[in-house]
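> Following is a predicted model, sequence given first.
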Amino acid sequence: MFEAFVLICATEAARTCREALLPGFEAPTRAACAAALAADPPAALPGPVAASRPACRPAGEALPFAEVAPGLFVHQGAVAEWERDNRGDIANLAFVVGTDSVAVIDAGSARWMGEAVWRAVRARTGLPVSHVILTHMHPDHALGAEVLAGAGARVIGAAGLGRALADRAESYLSRLEEAVGARAALGTAIPAIDHEVAGVETLDLGRRVLELRAWPAAHSPVDLTVLDRRTGILMAGDLVFDAHVPALDGALGGWQAATAELAAMDLAGVVPGHGAMLLDWPEGAAAQAAYLDVLARDTRAALDAGLRLGAAVEDVAAGQAKSWQLFDAFNARNATVAYTELEWE
């Protein structure tokens, strides 16, 4: 299989360059790929990059996905922070195949990941990718979506997602480049959101209905879950963590309530935002529920004792340290968010 690409560089004079996929021109031969390019020249890539003329070459890197249920594929990201070695591949991603089209759920940290998701879909089906559903605004889930949008997919998220991404755009992009390096970050852009879900909506991929639900502030201010009605499996995004310590960027009380509601749902399984590809349910909710309860209990105890924030964060939820990976990287921030929320109770 051959695909179209351009060589992109940070500036015309820069030495940092990489080959970037132009999705939608795949063909079994180089000549057929070139003919497709000539018939429908691609639009310019977004962002401040200098690009060569499009050309064709053998297909590049695809992300590995496993079929966890018929027509439902999951990629397992590393339980880690952004690093040069992982190039930002730290979140679980998914796609669902209907009879008419495909929906991708989260698209990774950077343009290269969106390209690799596209190739993974193309390796399994020629159906169009009609939608990219973003479960929240965090960059490890959202920043690969622009590639798929450029191929015609509509980008969907919870109400407020577009504003949340816009407000954080400069910070997200600069942090990405600093963490994974200029080459891995090259070409990454903040995706435009085509539709925002305020309550519950359905999306029909052709004999495959997905139920999209926006949640009150919990893990983040703009959480969205995706239920595959055919299999009963929920793509929870970061409303559910496994192995990776839960990271609080929304409302602790809201996340506790959402976790309890999710645990009460009759589900065949849950794809968490981090950790295992598929969790048994409701057993898979237990560790997160316990951590959030301890976080709330210890924070209230610190407030009752009159501890200042700096002293409180050293002790809050410390007993959970051995139960989670990346505890030292996230728990103090969780305690800070919890403290500032609960001190106003």
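Here it is on my side, so go on.
> Could you give the number of residues near residue 32?
14 (other Cβ atoms under 10 Å). C-betas here are computed from N, CA, C, even on glycine.
> Name whatever forms a beta bridge with the closest residue to it other than its chain neighbours.
Nearest residue to residue 32, sequence neighbours excluded (Cβ to Cβ, 6 or more residues apart in numbering): residue 2, at 7.3 Å. Partner residues in beta bridges with residue 2, using DSSP bridges, are residue 27, residue 58.
> How much space separates residue 2 from residue 33?
In this structure, residue 2 and residue 33 are 4 Å apart, going by Cβ to Cβ, to the nearest Å.
> quick one: common contacting residues for these two?
Taking Cβ atoms under 8 Å, 6 or more residues apart in numbering as the criterion, residue 2 and residue 33 both touch 26, 27, 56.
> Closest one of those to residue 225?
Distances from the shared contacts of residue 2 and residue 33 to residue 225 were compared by Cβ to Cβ; the smallest belongs to residue 26, at 31.3 Å.
> ok now do the closest one, which residues does it touch?
Residue 26 makes contact with 1, 2, 3, 4, 33, 59, 122, according to Cβ under 8 Å, 6+ apart.
> Now tabulate these in TSV and tack on neighbour count.
Putting those into TSV (neighbours: other Cβ atoms under 10 Å) gives the following:
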residue	neighbour count
1	12
2	20
3	23
4	21
33	25
59	15
122	19
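> and residue 178, that one's in a strand?
No. Note on residue 178: no strand contains this position according to DSSP: H, G, I helix; E, B strand; the rest coil, which reports helix.
> give me phi/psi at the closest residue to residue 111 other than its chain neighbours?
Ranked by Cβ to Cβ, 6+ apart and with sequence neighbours excluded, the top spatial neighbour of residue 111 is residue 187, at 4.0 Å. Recorded main-chain torsions at residue 187 are phi 90, psi 0, according to degrees, to the nearest 10.
> cool, the one 10 residues further on as well?
In terms of degrees, to the nearest 10, the main-chain angles of residue 197 are phi -100, psi 130.
> Next, count neighbours for it.
Residue 197: 18 surrounding residues under other Cβ under 10 Å.
> do residue 21 as well
When neighbours are counted by other Cβ under 10 Å, residue 21 registers 25.
> So what sits opposite it in the bridge?
Partner residues in beta bridges with residue 21: residue 5, with DSSP bridges as the criterion.
> can you tell me how far it sits from residue 104?
The separation that residue 21 has from residue 104, given Cβ to Cβ, amounts to 15 Å.
> now the strands: where do they sit in the stretch 1-150 of the chain?
2-9, 17-27, 50-51, 55-58, 66-69, 72-75, 93-97, 102-105, 129-133 (DSSP state E, counting those that start in this stretch).
> that older thread, export the contacts of residue 26 to JSON lines and tack on distance to residue 154?
Putting the contacts of residue 26 into JSON lines (distance: Cβ to Cβ, whole Å) gives the following:
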{"residue": "1", "distance to residue 154": "26"}
{"residue": "2", "distance to residue 154": "27"}
{"residue": "3", "distance to residue 154": "22"}
{"residue": "4", "distance to residue 154": "22"}
{"residue": "33", "distance to residue 154": "26"}
{"residue": "59", "distance to residue 154": "25"}
{"residue": "122", "distance to residue 154": "19"}
